[in-house]
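1. Quick one, what's the 3D model for this:
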Amino acid sequence: MIKEILLLGNDALYKKSLPVEKEDMDSIKETVLDLHDTLIDFRKKYNAGRAIAAPQIGVFKRLIYMYIDKPIVFINPVLKFDNKEMMDVMDDCMSFPNLLVKVKRYKECSIIYKDINFADKTLKFKGDLSELIQHEYDHLDGILATMRAIDNKSFYIKSK
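-> Numbering: from 1, shown residues only. Here you go, the predicted structure:
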């Protein structure tokens, strides 16, 4: 079911999410379907959107849904940064769809997580996918890209 995406200014976006417990998995599977539907709907409206975090639809669990070539569900993810090299990126967000924010992100990261079957997994990301997963992970801790802006001149309105 398509859910309303919480928008910048909503205090709930700053709330830290709780871990998913194994007994939560039935409701988590429903939430994953909602995240999928909401992401696809956002893509139709804005021609953008590769991932969404559960807090953006008001579910405060440590859950990220990414859909690029295929869907990937990240439950209770933990990010690791082996390489400390950073990059400047223009970050966008479904919670502020017409705004870009210039931030610094790690060029590479690893993510350790549980999949939809609650099995342990690890993935490595580079470049734009590293930036993407860091952005979504921040949502789980109540951190928005606006809070990571390089400086007070790092905000840009998207033009069509």
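2. now the strands for this structure?
-> For the chain, applying DSSP state E gives strands covering 51-53, 63-67, 71-80, 86-93, 96-106, 108-114, 120-126, 155-157.
3. List the contacts of the longest one.
-> Taking CB atoms under 8 Å, 6 or more residues apart in numbering as the criterion, the residues outside strand 96-106 that touch it are 7-8, 42, 46, 48, 81, 83-93, 130-131, 134-135, 144-146, 148-150, 154-158. Glycine gets a C-beta too; all of them are placed from N, C-alpha and C.
4. Narrow these to just the buried residues.
-> The neighbour-count test (16 or more other CB atoms under 10 Å) marks 42, 89, 91-93, 130-131, 134-135, 144-146, 148-149, 154 as buried among the contacts of strand 96-106.
5. What is the nearest of those to K114?
-> Top of the list for closeness to K114, among the buried ones among the contacts of strand 96-106 and by CB to CB, is Q134 at 18.8 Å.
6. can I assume the closest one is in contact with L79?
-> Yes - here Q134 reaches L79: they are 6.7 Å apart, a contact under CB atoms under 8 Å.
7. intersection of neighbour lists for these two?
-> Counting by CB under 8 Å, 6+ apart, the shared contacts of Q134 and L79 are C109.
8. Could you check the pLDDT of the closest residue to C93 other than its chain neighbours?
-> Counting by CB to CB, 6 or more residues apart in numbering, A145 is the residue found nearest to C93 once chain neighbours are left out, at 5.6 Å. As predicted, A145 sits at a pLDDT of 98.
9. Roughly how far does the residue most central in space within the chain sit from N76?
-> Here the mean C-alpha position of the chain is nearest to the C-alpha of E136 (CA atoms, centre = their mean), at a distance of 1.9 Å. Using CB to CB, to the nearest Å, one obtains 13 Å as the distance from E136 to N76.
10. wait, what's in contact with D24?
-> By CB under 8 Å, 6+ apart, the contact set of D24 is K61.
11. Against F74, how distant is it?
-> As it turns out, when the distance is counted by CB to CB, D24 lies 15 Å from F74.
12. who's in contact with the residue nearest to the centre of the chain?
-> When contacts are counted by CB under 8 Å, 6+ apart, E136 touches A51, I52, A53, I64, M66, F74.
13. Between those, identify the one with the most neighbours.
-> When neighbours are counted by other CB atoms under 10 Å, A53 leads the contacts of E136 with 28 neighbours.
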